[in-house]
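Enquirer: From the sequence below, what's the structure:
(one chain, ligands or ions: 1)
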Amino acid sequence: MFIQCELCPKGCRIEEGERGNCRIRVNLDGKLRTITYGFPCSVHVDPIEKKPFFHFYPGAKALSLATAGCNLHCKNCQNWEISQANPEDVEAFELNPLDVVNTALKENTPIISYTYTDPMGYYEYTLDMSSAARLQKIKNVLVTAGYINQEPLKKLLAVTDAIKVDLKFFDDGLYRQITTATLKPVLETIATAKKMGVWLEVVNLVIPTLNDDEKQIKAMCDWLVANVGGDVPLHFSRFYPQYLLRNLPSTPYETLKRAKEIAKASGIRYVYIGNVNSVDDETTYCPFDGSVLVKRIGYVIAENNIVNNKCTKCGNEIPGVWGNV
Ligand code: SF4
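Expert: The predicted structure follows:
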């Protein structure tokens, strides 16, 4: 007897003893189990800027973890050794949700980040860790492709403080071809996160010949402005050839600069370029007076001129979650 998984839009019908497309969810004795629950394969302490979050407690440290498997199969995945493996083939640690929260308390990390592979794949584990973290006033951040159905998404966002969504393409055909996902559910995730008041940042990896054309970038920016407004930070990120897309070149800096110009002209006020080691492209400038708000050198916060959520120079409010966590 098969089970229909309703977690993500793939809607896998899983026969007894079989697993879904993410390799994580298995039909065992007629029950759907997440086999990586309580078994992360990567646990590290990272700066929040690495996710990247630029408007969420700058300089804070996040206990960051992942389990093996993923509901997407991106041809350019950075973490393919763990995301595209069967969980039983990847070394993992036993850490139940309370162990994770206790580790965060011990390590003095005020944030837990569900990252590296997609936390929507190890959904129940993410949900239980997030609920337990909330009780200890630890913040939860999701680093995700946002490919999940609305009902489970809303349940998870209710215990989430910030979400970074990879908007990989603004083209459904490319989504299907390169990631095995589709565009519409990702857009719905972005809109829902904003509507629910969860702090949101968006990343777009610019891949030469796939999504570097100006029309696609402009259409994406216009959609963002129309649906979540101009205050949601947008990070363009440089692509480096890897995994199954080694045949493509890295993104020229000029292409990324052009994408930034298009985004700004569309009305997005906070636009960054990642993976290029440029202090200017990672600095937050005040859109009202042009002064430096947050200067980042790599993952180090060299300057922070936001006090009580306001620019210290002009006094205008800056969107984000600032201060000390
Ligand atoms: S979460 Fe996994 S099993 Fe469920 S529908 Fe998505 S890919 Fe299939």
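Enquirer: Listing partners with orientation, what would you give for the longest strand belonging to the chain?
Expert: Secondary structure of the chain per DSSP state E: the longest strand is strand 199-206. Strand 199-206 pairs in its sheet with strand 162-166 (parallel), strand 234-238 (parallel), by DSSP bridges.
Enquirer: can you list the residues of the chain near the ligand?
Expert: Residues of the chain that fall close to the ligand, judged by Cβ under 6 Å from any ligand atom: 5, 7, 8, 10, 11, 12, 20, 21, 22, 25, 71. The C-beta positions use only the backbone N, C-alpha and C, and glycine is treated the same way.
Enquirer: For the closest residue to the ligand within the chain, give its distance to residue 74.
Expert: Sorted by distance to the ligand under Cβ to the nearest ligand atom, the residues of the chain start with residue 20, at 2.1 Å. Counting by Cβ to Cβ, to the nearest Å, the gap from residue 20 to residue 74 is 17 Å.
Enquirer: likewise residue 319?
Expert: 29 Å.
Enquirer: More neighbours: which of the two?
Expert: Between residue 319 and residue 74, residue 74 has the larger neighbour count (other Cβ atoms under 10 Å), namely 24 against 16.
Enquirer: Now the phi/psi pair for the residue nearest to the more buried one when sequence neighbours are not counted, please.
Expert: Excluding the flanking residues, the one nearest residue 74 by Cβ to Cβ, 6 or more residues apart in numbering is residue 179, at 4.6 Å. Torsion angles at residue 179 (phi, psi; degrees, to the nearest 10) stand at phi -120, psi -20.
Enquirer: returning to that earlier point: please name the residues that touch the residue of the chain closest to the ligand.
Expert: Counting by Cβ atoms under 8 Å, 6 or more residues apart in numbering, residue 20 touches 5, 10, 12, 14, 26, 71.
Enquirer: Can you report how many residues lie near residue 236?
Expert: With other Cβ under 10 Å as criterion, residue 236 counts 26.
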